[in-house]
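In: The following block contains a protein sequence and its predicted model.
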Amino acid sequence: MVRLKGEEKMIGLSTAWCSGQIKEGKKLLPRFKEIGIKELELDYRISKKTFKEILPLLKKSFAILSIHNFFPIPDILEEGSGDAFLLSSPDEEERKRAVKYTRKTIEIAHELGAKAIVLHLGKVEMNPETEKFLLLYGRGKISSSHGKRIIHKIKEERKNKKSRYLDAVLRSLSELNKFAQERGVLLGIENRFYSHEIPDFEEIGLILRKFKGGAIRYWHDVGHAVVQENLGLLSHKELLESYSSHLIGIHLHGVRGCEDHLAPGQEEDYGLIKRYIKPETIKVVEPHPKVSKEELKEGLIFLQRIGIE
């Protein structure tokens, strides 16, 4: 990454910054080398063909910190997604497909020496009322009595419907836990963006307790946590306080209101975040293509200056 004078420690960068736009392997990795990046998280937008093209340079010039499931894009899909298959699906065929391709990601992580993979666990099938949430937030009324009633309604509906989806998640993780342990790879369950996605605050704790001593850990996404706090769904501080002892990795990106995956250094509370990052925590900046090269450089230098490296 961009270095300050005399600085040798580095932070990782997700290939999500440009993998959706650059499909040619010979053009993808040079974008990261241009700004001095040597540590990467490989994301789910990279095809098998592109992965094959970049593999020699990956092994030669980069350290792979983590991989975002599902990687590479499964042959049966045209485009990649972290939710391509749902580990939460009550449909046994789809759930098994999700487990199958997660195992492939674990195997690649093992081969490349990545410490962890990042997992989306799925969702509760329901209407999350996202547009209504965003409208209330935009009008400054998310904390009004009307906003609180909507939040309560959504949480109650989710609670009443979640059982079969959470059961499927637990079955999937039971199958993946031993497989990952045998290969020395940790499974980072990521806090999510939308209200109907799994896991919510309580479900993180339930999963970590159930698989205590296994391969499953917590992966904290700053952008998702800040947005959910802005929408009145949870407390960012409580999330970190409760699960930081299980923290394996963190996605760092900027947030403005309900827009995330910007360059770090927007509305995030780094005084809070820094308290829970350990030296061994995998730290990955996860900007999307809307972030320019110059903005990304500024964000990386910002993180170094506040001591996140």
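Out: That came in fine, so what should we check first?

In: From here on, just use CA atoms for contacts and neighbour counts.
Out: OK.

In: Listing request: residues of the stretch 151-300 of the chain with sub-threshold pLDDT.
Out: Across the stretch 151-300 of the chain, nothing is flagged by pLDDT under 70.

In: Grab the nearest non-local neighbour of residue 147.
Out: residue 141 (6.3 Å; C-alpha to C-alpha, 6 or more residues apart in numbering).

In: Helix, strand, or coil at the one you found?
Out: coil (DSSP: H, G, I helix; E, B strand; the rest coil).

In: wait, it sits on residue 150?
Out: No: applying C-alpha atoms under 8 Å as the test, residue 141 and residue 150 come out as separate, 11.2 Å apart.

In: Test my guess that residue 84 contacts residue 72.
Out: No: applying C-alpha under 8 Å as the test, residue 84 and residue 72 come out as separate, 11.6 Å apart.

In: Which one of these two is surrounded by more residues?
Out: Between residue 84 and residue 72, counting by other C-alpha atoms under 10 Å, residue 72 is the more crowded of the two (25 against 20).

In: For the more buried one, give me its contacts.
Out: 43-48, 51, 80, 105 (C-alpha atoms under 8 Å, 6 or more residues apart in numbering).

In: Kindly recompute the last result at 7 Å.
Out: Residue 72 sits next to 44, 46-48, 51 when contact means C-alpha atoms under 7 Å, 6 or more residues apart in numbering.

In: go on, residue 276?
Out: Taking C-alpha under 7 Å, 6+ apart as the test, what residue 276 contacts is 240, 244.

In: mind starting the numbering at 24 from now?
Out: That works, and once the first residue is 24, the last one we named lands at residue 299.

In: for the stretch 124-273 of the chain, what spans make up the helices?
Out: 153-161, 168-184, 186-205, 224-233, 245-253, 259-266 (DSSP state H, counting those that start in this stretch).

In: what's downstream of the one helix or strand residue 78 maps to, the next helix or strand?
Out: Using DSSP states H and E, residue 78 falls within helix 71-84. Where DSSP H and E defines the elements, the next helix or strand beyond helix 71-84 is strand 86-91.

In: pLDDT value on residue 30, please?
Out: pLDDT recorded at residue 30 is 36.

In: now the one 5 residues further on
Out: pLDDT recorded at residue 35 is 96.

In: Would you mind measuring from residue 137 to residue 96?
Out: 18 Å (C-alpha to C-alpha, to the nearest Å).

In: More neighbours: which of the two?
Out: For residue 137 versus residue 96, the count of surrounding residues by other C-alpha under 10 Å is larger for residue 96: 25 against 22.

In: where's residue 126 relative to residue 272, distance?
Out: 20 Å.

In: In terms of neighbours, single out the busier of the two.
Out: Per other C-alpha under 10 Å, whichever of residue 126 and residue 272 has more neighbours is residue 272, with 28 against 19.
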